[in-house]
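*Asks:* Below are the sequence and a predicted model; questions follow.
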Amino acid sequence: MRFATLAARSFLIIGAVVTASCHHDLTNTTPVASVFLVPTNISLLVGDTVTITASESDINGIVLTGRSVTWSSSDTTIAVVNSGGLVTARKVGSVNINATSGTAVGTAKLAVVAALPPSISSITVAPTPAFVVVHGTQQLTATVRDAAGNVVPNLTVIWQSNNAAFATVSSTGLVTGVAVGSAVISASIGGYLGTSNVTVQTSITLGPSSVAVAPSSATIGIGRAVQFTATATDSTGNTYPNATATWKSSNAAVVTISSTGLATGVSAGVATITGSAFGGSGTATVTIQVLHLIAVSAGDLHSCGLQTDGSAWCWGGDQADQLGDSTQTNSTTPVVTKGGLKFASLSSGYAHNCGLTAASVAFCWGDNLSGELGDGTFAHRSLPVAVGGGLTFSSISAGQDHTCGLTAAGAAWCWGNNLSGQLGNGLTANSSSPVPVGGGIAFATISAGFQNTCGVATNGVAWCWGDNTRGQLGSGTLNSSATPVKVTSAAAFVSISAGFQHACGITAAGAAFCWGSNDQGQLGTGDTQNHSLPVAVSGGLSFATVGAGGLYTCGLAASGAAFCWGDNIWGELGSGVTSPTSNAPVAVAGGLTFRTLSTGNYHSCAMAGGNVAYCWGDGGEGQLGNGSTNLSASPVKVIYQP
């Protein structure tokens with residue numbers, strides 16, 4: 001509705017005018033206890049003015065006269081006030097106008113709005129009347145119309161409650177019940193006002209409610225918990241979030257739920273959670289997932305593991321569909337790779353994975369920009385696809401963006417990125433299908449790294465090919481090679497691992513040697529100098545396996561104790577701290593005994609005794625699998641395991 005004008009401009013006054021039945025002629029020595037302003041809530045257009053009056057009272061409420069008042073604005077860029085209480089609106093915003101007399105201060109609230117379209121005629125608020133329970137909420141909406149009854153869009157109104165002791169209202173019109181009673185909620189813009197009469201009550205009186213339980217579904221592990229909440233909605237659309245509900249689990253042997261809605265996993269299975277409030281009820285589904293992992297592999301921003309039934313489960317970044325769940329959504333907890341395939345082994349690369357079935361058939365999924373999936377295309381795959389060529393493999397290794405596999409006869413085949421000759425076929429063109437590695441060498445092991453590949457022949461001789469800018473081929477030169485070159489070493493190796501720009505190998509006696517880039521101490525030699533020939537890892541430790549990661553390396557001692565060296569900015573050494581780097585092996589914290597180890601770019605994962613997977617290092621995409629995106633400088637257990 002349209003109402004009072006002042007100086008040809010409109011303004012809104014909401015609030016009570018304070019008056020006194022009589023004035024007492026008291027001396028000016030009587031202290032001022034209170035200052036009352038009229039009006040107390042004002043809405044002005046930019047450029048409008050209004051005069052606020054002030055009256056002073058003593059501690060007994062008796063009005064005082066002849067007292068001086070000092071006027072001030074909390075933000076003079078929005079509105080200014082002169083010594084006589086004349087307020088001038090300058091720009092859109094909210095401001096407090098204060099009147100001070102002695103130590104007493106009175107305040108009026110002013111909202112300044114932009115100039116209105118000349119066609120505005122009315123503003124209405126809905127619903128009215130409105131009902132809300134104590135601590136419940138009700139969304140109100142304001143509609144501004146012109147003289148023809150058409151809606152005028154994109155205008156911001158000022159919301160106010162005339163009694164905040166019973167109901168408050170947000171800047172968007174969301175009313176919250178405070179105490180049983182009533183309040184008038186108004187929406188104004190310039191000189192136009194719309195209202196809704198709101199009644200606050202203790203419970204819904206308009207019939208049974210509908211109840212929505214959130215979250216609507218959840219997956220947790222044994223011993224893990226999830227908090228459920230109930231939102232009730234009555235027949236008129238009033239909503240009551242966080243309603244007090246009665247909770248029930250359909251199967252307490254699977255999941256229990258407390259009186260406050262906290263559900264806790266007990267055993268593997270699925271249960272229905274029911275929340276009842278105000279005569280209505282809603283449900284949610286809880287799945288208690290239990291994983292029994294037997295292997296784990298760390299990639300760049302993701303990790304994968306194999307369950308006892310051969311299913312693949314992945315977690316972390318999913319920007320290239322490398323989790324295999326067809327969502328391209330990161331997950332801080334393991335999700336099953338779809339497609340129904342069962343694998344005997346698994347290897348994670350930068351943003352792709354490959355696995356071998358029990359029949360030795362290779363399947364890959366995820367990023368395929370360079371052809372690293374080997375299916376004859378360069379298209380990302382959200383589900384595992386068979387590697388082309390009809391080959392069967394005894395082992396497979398996923399690198400940065402290329403992959404290599406060994407046949408039962410020891411023949412090496414590689415596919416994907418070949419910019420530096422890492423496919424080993426004498427060329428530098430990418431291949432989306434497997435190509436044979438040159439040289440006719442029979443390999444026992446193979447490892448695909450960043451832009452290089454290494455393998456150990458059946459006679460213990462190590463060979464590497466691809467990029468050699470940091471000496472990572474171990475040939476004593478910095479010359480890259482598109483075919484295998486011998487690693488210059490008098491020692492025979494039983495295993496080898498290619499990392500970012502370095503590589504490491506283990507001898508039959510358990511001695512570890514590394515070569516290549518060493519700027520972060522990743523060779524473990526006690527220095528930070530690059531080495532183009534194998535150098536012994538310091539510390540005199542005997543290793544069963546070694547893994548070259550991004551800028552760091554980890555190894556498992558024969559006892560199962562893990563040690564790491566090199567960069568540690570993301571906690572990838574697992575030593576319990578994130579700095580400094582170490583150019584010699586340091587023990588992984590926690591005292592765990594591991595049987596396998598896998599190093600990624602900035603995190604590692606390992607299988608402890610009893611087939612329990614742990615990860616540590618960078619967790620920014622959820623690649624540690626513990627339900628978090630925080631890094632961890634010490635091993636954390638992958639979720640859903642017993």
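*Replies:* Arrived safely.
*Asks:* Might you report the residue contacts of the residue nearest to residue 452 when sequence neighbours are not counted?
*Replies:* Residue nearest to residue 452 in three dimensions, not counting chain neighbours: residue 466, with 3.5 Å by CB to CB, 6 or more residues apart in numbering. Just so you know, the C-beta spots here come from the backbone N, C-alpha and C atoms, and that holds for glycine as well. By CB atoms under 8 Å, 6 or more residues apart in numbering, the contact list for residue 466 reads 420, 421, 422, 424, 449, 451, 452, 453, 473, 480, 481, 482.
*Asks:* if we take these, which one ends up nearest to residue 277?
*Replies:* Using CB to CB, residue 449 comes nearest to residue 277 of the contacts of residue 466, at 58.0 Å.
*Asks:* give me the number of residues near the residue nearest to that closest one when sequence neighbours are not counted?
*Replies:* Sequence neighbours aside, residue 498 is the residue nearest to residue 449 in space, at 2.9 Å (criterion: CB to CB, 6+ apart). By the measure other CB atoms under 10 Å, the count of residues near residue 498 is 32.
*Asks:* Repeat that for residue 55.
*Replies:* 21.
*Asks:* same thing with residue 284?
*Replies:* For residue 284, the neighbour count with other CB under 10 Å is 23.
*Asks:* State whether it and residue 212 are indeed in contact, as I suppose.
*Replies:* No: using CB atoms under 8 Å, residue 284 is not in contact with residue 212; the gap is 9.2 Å.
*Asks:* The helix or strand hosting residue 604 packs against which elements?
*Replies:* Assigned by DSSP states H and E, residue 604 belongs to strand 603-608. The contact analysis (3 or more CB pairs under 8 Å, 6 or more residues apart in numbering; DSSP states H and E) places strand 603-608 against strand 293-298, strand 302-307, strand 594-599, strand 612-617.
*Asks:* How is this protein partitioned into domains?
*Replies:* Split into domains by automatic domain parsing, the chain comes to 5-113, 120-201, 217-229+244-288, 293-637.
*Asks:* Make TSV out of those and add distance to residue 237 and mean pLDDT.
*Replies:* Below are those laid out as TSV (distance: least, CB to CB, whole Å; pLDDT from 0 to 100):
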stretch	distance to residue 237	mean pLDDT
domain 5-113	26	74
domain 120-201	7	87
domain 217-229+244-288	14	93
domain 293-637	32	97
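*Asks:* for those, which one ends up most surrounded?
*Replies:* domain 293-637 (a mean of 22; mean count of other CB atoms under 10 Å).
*Asks:* how near is the nearest residue in space to residue 411 that is not next to it in sequence to residue 352?
*Replies:* Nearest-residue entry for residue 411: residue 436, 6.6 Å, with adjacent residues in sequence omitted and distances by CB to CB, 6+ apart. Distance of residue 436 to residue 352, computed by CB to CB, to the nearest Å: 21 Å.
*Asks:* thinking again about what came up before, pull the contacting residues for the residue nearest to residue 449.
*Replies:* Neighbour list for residue 498: 399, 447, 448, 449, 450, 452, 453, 454, 464, 472, 548 [criterion: CB under 8 Å, 6+ apart].
*Asks:* For these, give me JSON lines that also has secondary structure and distance to residue 39.
*Replies:* Formatted as JSON lines, those follow (DSSP: H, G, I helix; E, B strand; the rest coil; distance: CB to CB, whole Å):
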{"residue": "399", "secondary structure": "coil", "distance to residue 39": "74"}
{"residue": "447", "secondary structure": "strand", "distance to residue 39": "79"}
{"residue": "448", "secondary structure": "strand", "distance to residue 39": "76"}
{"residue": "449", "secondary structure": "coil", "distance to residue 39": "75"}
{"residue": "450", "secondary structure": "coil", "distance to residue 39": "72"}
{"residue": "452", "secondary structure": "strand", "distance to residue 39": "78"}
{"residue": "453", "secondary structure": "strand", "distance to residue 39": "80"}
{"residue": "454", "secondary structure": "strand", "distance to residue 39": "82"}
{"residue": "464", "secondary structure": "strand", "distance to residue 39": "84"}
{"residue": "472", "secondary structure": "coil", "distance to residue 39": "78"}
{"residue": "548", "secondary structure": "strand", "distance to residue 39": "75"}
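*Asks:* Closest to residue 334 out of those residues?
*Replies:* residue 399 (23.1 Å).
*Asks:* how close does residue 492 sit to residue 186?
*Replies:* Distance of residue 492 to residue 186, given as CB to CB: 87 Å.
*Asks:* ok, back up a step: show residues contacting the strand holding residue 604.
*Replies:* With CB under 8 Å, 6+ apart as the criterion, strand 603-608 contacts 293-298, 303, 305, 547, 549, 554, 556, 562, 564, 570, 572, 574, 592-598, 613-619, 623-624, 635, 638.
*Asks:* try 6 Å
*Replies:* Strand 603-608 is contacted from outside by 296, 298, 303, 554, 572, 592, 594-598, 613-618, 623, using CB atoms under 6 Å, 6 or more residues apart in numbering.
*Asks:* The nearest residue to residue 475 once chain neighbours are set aside and residue 562: what is the separation?
*Replies:* Using CB to CB, 6+ apart and skipping residues adjacent in sequence, the residue nearest residue 475 is residue 485, 4.8 Å away. According to CB to CB, residue 485 stands 31 Å off from residue 562.
*Asks:* do residue 583 as well
*Replies:* Distance from residue 583 to residue 562, by CB to CB: 18 Å.
*Asks:* Please apply the same query to residue 402.
*Replies:* Computed as CB to CB, the residue 402 to residue 562 distance reads 27 Å.
*Asks:* circling back: wait, which of the domains of the chain is closest to residue 236?
*Replies:* Across the domains of the chain, residue 236 has its closest neighbour in domain 120-201 (6.7 Å, CB to CB).
*Asks:* Just confirm residue 344 contacts residue 361, I think it does.
*Replies:* No: taking contacts as CB atoms under 6 Å, residue 344 lies outside contact range of residue 361: 10.0 Å.
*Asks:* who touches residue 631 in this structure?
*Replies:* Residue 631 touches 570, 571, 618, 619, counting by CB under 6 Å, 6+ apart.
*Asks:* Could I get those residues in CSV, plus columns for secondary structure and distance to residue 92?
*Replies:* Conversion of the contacts of residue 631 to CSV gives the following (three-state DSSP; distance: CB to CB, whole Å):
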residue, secondary structure, distance to residue 92
570, coil, 47
571, coil, 49
618, coil, 46
619, coil, 44
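*Asks:* Adding distance to residue 514, write those out as JSON lines.
*Replies:* Listed next are the contacts of residue 631 as JSON lines, based on distance: CB to CB, whole Å:
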{"residue": "570", "distance to residue 514": "20"}
{"residue": "571", "distance to residue 514": "21"}
{"residue": "618", "distance to residue 514": "22"}
{"residue": "619", "distance to residue 514": "26"}
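*Asks:* Go through the residues you listed and name the one nearest residue 196.
*Replies:* residue 619 (48.5 Å).
*Asks:* which non-adjacent residue is nearest the closest one?
*Replies:* Counting by CB to CB, 6+ apart, the residue nearest residue 619 is residue 631, at 5.0 Å.
*Asks:* Residue 42 now?
*Replies:* residue 110 (4.7 Å).
*Asks:* Regarding that neighbour, what is its secondary structure?
*Replies:* Under DSSP: H, G, I helix; E, B strand; the rest coil, residue 110 falls in the strand class.
*Asks:* Distance check, it against residue 68.
*Replies:* When CB to CB is applied, the distance between residue 110 and residue 68 equals 22 Å.
*Asks:* Does residue 163 touch residue 183 like I think?
*Replies:* Yes: at 4.1 Å, residue 163 counts as touching residue 183 under the criterion of CB under 6 Å.
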